[in-house]
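# next come a sequence and a model predicted from it.
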Amino acid sequence: SAVISQKPSRDICQRGTSLTIQCQVDSQVTMMFWYRQQPGQSLTLIATANQGSEATYESGFVIDKFPISRPNLTFSTLTVSNMSPEDSSIYLCSVAGGSMNTEAFFGQGTRLTVV
Amino acid sequence: GESVGLHLPTLSVQEGDNSIINCAYSNSASDYFIWYKQESGKGPQFIIDIRSNMDKRQGQRVTVLLNKTVKHLSLQIAATQPGDSAVYFCAENGYNQGGKLIFGQGTELSVKP
């Protein structure tokens, strides 16, 4: 399985500001994903980070709010823009792996609190 | 829309007993399912998976059962230990969808000593 590191692990931010979350993988991976986990809830896919092209966003998520970069096969960033308290969540990076690329491995997450 | 959901949001068991966590899914075309364990402050950890051409798969102390007729998935944990206390999620993945997962609600398992 891949080892995934996220930075920061947690942050408290003022509303109206932006935070960029970094995700580093210890091996080259084709597919990287960003999820959101709101307090006490399950995980929801935000977008697929594509290397060399724009990210693919799921319904309800837009690039202006959650811009994503994927400069190479081991790194991605997710920015949470113009934050409001409703953005307080855990943001998780994951990569596809396994023999058939169907498994998903997760980082430890970034716990964001917006005040 | 299509979804993956759980019957019980919380489950409390005695140490040493067996635990059963259930999950229902609505997409009959789903062909791959994963169970994850999430401890407080950590990301989800892969436990076990099963493909739609199987109805049972066993791991170390865990068994996943798949009933495609009623679109039901369960995770059985044998001899539950305090270290098993966590939130458990089932997730659905179309076979060609890579790491794109649809997660269920989650069940919090509490193990009493």
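On my side now, so go ahead. Residues are numbered from 1 along each chain as shown, chains lettered A, B, ... in the order given.

# pull out the buried positions in stretch A:50-61.
If you call a residue buried by 16 or more other C-beta atoms under 10 Å in any protein chain shown, then stretch A:50-61 has these buried ones: A:Gln51, A:Ala55, A:Tyr57, A:Phe61. Heads up, the C-betas are built off the backbone N, CA and C, glycines and all.

# and residue 61, what's its pLDDT?
All of this refers to chain A. For A:Phe61, the model assigns a pLDDT of 97.

# switch to chain B, please.
96.

# burial check on it, number of neighbours?
14 (other C-beta atoms under 10 Å in any protein chain shown).

# my guess is it contacts B:Ala78, does it?
Yes. If you go by C-beta atoms under 8 Å, B:Arg61 and B:Ala78 touch, sitting 4.8 Å apart.

# where does chain A come near chain B, residue by residue?
Along chain A, the residues adjacent to chain B under the rule C-beta under 8 Å from any C-beta of the partner chain are A:1, A:4, A:30-33, A:41-45, A:48, A:92, A:94-97, A:100-109, A:111.

# filter those to the buried ones?
By 16+ other C-beta under 10 Å, these give A:4, A:31-33, A:42-45, A:48, A:92, A:94-97, A:101-107, A:109, A:111 as buried.

# tell me where the model's unsure across chain A.
Along chain A, segments meeting pLDDT under 70 span A:98-102.

# redo that, cut-off 80
Applying pLDDT under 80 to chain A flags the ranges A:1, A:97-103.

# the longest strand belonging to it pairs with which strands, and in what direction?
Longest strand in chain A by number of residues, with DSSP state E as the criterion: strand A:89-97. Strand A:89-97 has its sheet partners listed here by DSSP bridges as strand A:32-37 (antiparallel), strand A:103-106 (antiparallel), strand A:110-114 (antiparallel).

# all strands for chain A, in order.
Under DSSP E, chain A gives strands at A:4-7, A:10-13, A:19-25, A:32-37, A:43-49, A:56-57, A:68-72, A:75-80, A:89-97, A:103-106, A:110-114.

# show me what contacts the nearest residue to A:Phe61 once chain neighbours are set aside?
Leaving aside its sequence neighbours, A:Phe61 sits nearest to A:Ile46 (C-beta to C-beta, 6 or more residues apart in numbering or on different chains; 4.8 Å). Contacts here follow C-beta atoms under 8 Å, 6 or more residues apart in numbering or on different chains; on that basis A:Ile46 touches A:Phe33, A:Trp34, A:Tyr35, A:Arg36, A:Tyr57, A:Glu58, A:Phe61, A:Phe66, A:Leu78, A:Tyr91.

# contact partners for the residue nearest to the spatial centre of chain A?
Nearest to the geometric centre of chain A sits A:Trp34, at 3.2 Å (C-alpha atoms, centre = their mean). Taking C-beta under 8 Å, 6+ apart as the criterion, A:Trp34 is in contact with A:23, A:45-47, A:49, A:66, A:68, A:76, A:78, A:91-94.

# please name the bridge partners of it.
A:Ala47, A:Cys93.

# how much space is there between the closest residue to A:Gln24 other than its chain neighbours and chain B?
Closest residue to A:Gln24 apart from its sequence neighbours, by C-beta to C-beta, 6+ apart: A:Ser5 at 4.7 Å. Look at A:Ser5 and chain B: by C-beta to the nearest C-beta, to the nearest Å, they are 11 Å apart.
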